[in-house]
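In: just need the structure, nothing else, for what follows:
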Amino acid sequence: MIVMRLDIDAYELVERINDRSISTEDFTARILERIDRYDGRINAYITVNHDALDHARSIDKRISEYDGKDRSMLLLGVPIAIKDNISTEGLRTTCASNILKDYVPVYDATVVSRLKRHGAIIIGKTNMDEFGMGSTTEFSAFGVTRNPWDVDRVAGGSSGGSAASLAALESVLALGSDTGGSVRCPASFCSVVALKPTYGLLSRYGLISYANSLECIGLMSRSVKDLALLLSVTAGHDTMDDTTLAVGSKDYHSKLNSVEEFRGMKVAVIKDIVDNSDPVVSREFNSALYTLQHLGFTVDYVDLKYLRYALPAYYTIAMAEASSNLARYDGVRYGHTIQPDGMLWNGFYSMVRSEFGDEVKRRIMLGTYILSSGYYGRYYMKAQMARRLIMDELLSIFKDYAIIATPTMPVPPFKIGERVDDPLKLYTIDLCTVLANLAGIPAISIPIAIHDGSMPIGLQMMSKHLNEELLLRVAYAFESTKYVRRCIDA
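Out: Down below sits the predicted model:
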């Protein structure tokens, strides 16, 4: 057997498992050992799936029986981390909340079913901001996830556990969810790769709802090639989710190696975002633009007239939908419950819902206010109008430009606790990422630098609906030209 490093890419791992030069059981055991050894400091996982070893043994047995002749399972033996708001049959799914701390789903999310169908091994459920409400993974009932590059800094959020597990070599692939940047933010902060797909390209069946019209399953990896492989497995129509698009599965992975001529294509850079980013981020972003020019792109600076409405529109819509979605957690139909003997309904309901954390309570209360009589038209409907204006403006840009580029995050990863007591200061860091969710367009984040050796910085690229293939090709070409470290001890 070849002794393979844990930073191996998924596509190579599948090849090694198929030709029996790597034992699935041995590799999975090494991942679990690493989690045992290091995750006490990082806190990437809420629940570790120790049954993963049994699954790994069954894969080795299957390979020995067919002797490597069946290559149809694209993720055979690959350990993958799943964000803890995505349903996994028989494996606890908490949304990082006390109100769901004992919830064990009886079914798999569609994306999880597709992963299992292709031989992936669910290694565990990752930490997150409670119900996806946050950008740092500090708002979790199970503790803060720390950045593997510097454990005093945030990992980003809300899919911080998934990104940290990749950077710390505690998984090979990961799933998150993205409502306003929730896979791209931690990807940028942890120096990994993430894709927020076109709304409806991946099924949301089994994703525990926060803001239905904005959120989608997001994909994370340490390489663009792995990201394309993961998208090939998970994308496509699902009869269980009416929001999925009527598109079939597609091989994004093999097309990365085709010759792509980018000369003549144009990149639009939103000037106000770059001007208002941290100087360190702006400098590295401008360096990334030179790389895109080297690949053949023409780079132009553009103004986004309605940019100032992006954050207010996003948070108004997200909080309103959160208030509606989380109303079901009343201790009767859903969620944690208590013994009601001798209690009036109001007291029972209040005590059950006190299990929500402070940030979730804040968003529920604001969302309830936004949806209340007399304010619905003043806030929610105006936010939807602003959303339409932003979407139309972005689509207008795509008539002339193939890609819109911004920093993924306007700041490098900051210290834990630095912004947690100032919600408005925290919300502003989502400016670059919420645009894609408001418009439903695909967006990718790739690493471009690690400032001072411990503060990763990412490049975000957005394109028109269902243009994931172009984003992946450009990201792959960029990665081949300007590779940045993706894990802490590679």
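
In: residues near R146, how many?
Out: Counted with other CB atoms under 10 Å, the burial measure for R146 works out to 23 neighbours. Quick note: C-beta positions are derived from backbone N, CA and C, even for glycine.

In: same deal with the one 4 residues further on?
Out: As a burial measure, the neighbour count of D150 was computed by other CB under 10 Å and equals 18.

In: now swap in E65 and tell me
Out: The burial metric for E65, expressed as a neighbour count using other CB under 10 Å, is 8.

In: in which helix or strand would I find it?
Out: Applying DSSP states H and E as the criterion places E65 in helix 52-66.

In: could you pull out the strands for the stretch 101-250 of the chain?
Out: Assigned strands in the stretch 101-250 of the chain, in chain order: 121-126, 146-147, 150-154, 173-178, 193-196, 216-221 (criterion: DSSP state E, counting those that start in this stretch).

In: could I get the CA-only coordinates of the fifth one as CSV?
Out: Read it as strand 193-196. Taking only C-alpha atoms (Å, rounded to 0.1, in the frame of the first residue of the first chain), the coordinates of strand 193-196 have been written out as CSV:
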residue,chain,number,x,y,z
VAL,A,193,-12.4,26.7,-2.7
ALA,A,194,-16.2,27.1,-2.6
LEU,A,195,-19.1,27.4,-5.1
LYS,A,196,-22.5,28.9,-4.6
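
In: do I have it right that V104 meets R92?
Out: Yes - the pair formed by V104 and R92 meets the contact definition of CB atoms under 8 Å, at 5.3 Å.

In: report pLDDT for K305.
Out: The per-residue pLDDT reported for K305 equals 96.

In: ugh, wrong one, I meant V3
Out: pLDDT recorded at V3 is 54.

In: again, but for S254
Out: 85.

In: how about the one 5 residues further on?
Out: Here, the pLDDT recorded for V259 equals 54.

In: look at stretch 131-151 and report the distance between its end residues.
Out: When the termini of stretch 131-151 are compared using CA to CA, to the nearest Å, they are 23 Å apart.

In: pLDDT averaged over it - what is it?
Out: 98.

In: cool, and stretch 26-40?
Out: Confidence for stretch 26-40, expressed as mean pLDDT, is 97.

In: mind listing what's buried along that stretch?
Out: Neighbour counts using 16 or more other CB atoms under 10 Å place F27, T28, R30, I31, L32, R34, I35, D39 of stretch 26-40 among the buried residues.

In: which residue comes closest to the last one once chain neighbours are left out?
Out: This points to D39. Nearest non-adjacent residue to D39, counting by CB to CB, 6 or more residues apart in numbering: Y45, 5.6 Å away.

In: next one: phi and psi at the one you found?
Out: In this entry, Y45 is assigned phi and psi values of phi -110, psi 140 (degrees, to the nearest 10).

In: chain neighbours aside, what residue packs nearest to the spatially most central residue of the chain?
Out: Most central residue of the chain, judged by C-alpha distance to the mean C-alpha position with CA atoms, centre = their mean, is V183 at 2.4 Å. Nearest in space to V183, with sequence neighbours left out and distances taken as CB to CB, 6+ apart, is G218 at 3.2 Å.

In: hmm, the one you found is touching A174, no?
Out: No - using CB under 8 Å, G218 is not in contact with A174, being 9.2 Å away.

In: between these two, which contacts overlap?
Out: By the contact definition CB atoms under 8 Å, 6 or more residues apart in numbering, G218 and A174 are jointly contacted by S159.

In: out of these two, which sits in the busier spot?
Out: Neighbour tally, G218 and A174, criterion other CB under 10 Å: the higher count belongs to A174, 32 against 27.

In: beta partners of the more buried one?
Out: In this structure, A174 bridges to A81, M220 when assessed by DSSP bridges.

In: ok, it - contacts?
Out: Under the criterion of CB under 8 Å, 6+ apart, the contact list for A174 reads 80-83, 126, 159, 162-163, 165-166, 219-221.

In: just the pLDDT for it.
Out: Looking at A174, its pLDDT reads 98.

In: could I get the contacting residues of V302?
Out: When the contact criterion is CB under 8 Å, 6+ apart, the partners of V302 are A268, V269, I270, K271, I397, Y401.

In: just the buried residues of those residues.
Out: If you count burial by 16+ other CB under 10 Å, the buried members of the contacts of V302 come out as A268, V269, I270, I397, Y401.

In: export the lowest-mean-pLDDT helix or strand in the chain as PDB, just CAs?
Out: Least confident element among the helices and strands of the chain, by mean pLDDT, DSSP states H and E: helix 345-353 (a mean of 84). Included here for helix 345-353 are C-alpha records, laid out as PDB according to Å, rounded to 0.1, in the frame of the first residue of the first chain:
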ATOM      1  CA  TRP A 345     -49.300  28.000  26.800                       C
ATOM      2  CA  ASN A 346     -47.500  31.400  26.700                       C
ATOM      3  CA  GLY A 347     -45.100  30.300  29.400                       C
ATOM      4  CA  PHE A 348     -44.400  27.000  27.700                       C
ATOM      5  CA  TYR A 349     -43.900  28.600  24.300                       C
ATOM      6  CA  SER A 350     -41.600  31.300  25.700                       C
ATOM      7  CA  MET A 351     -39.500  28.800  27.600                       C
ATOM      8  CA  VAL A 352     -39.100  26.400  24.600                       C
ATOM      9  CA  ARG A 353     -38.100  29.300  22.300                       C
END
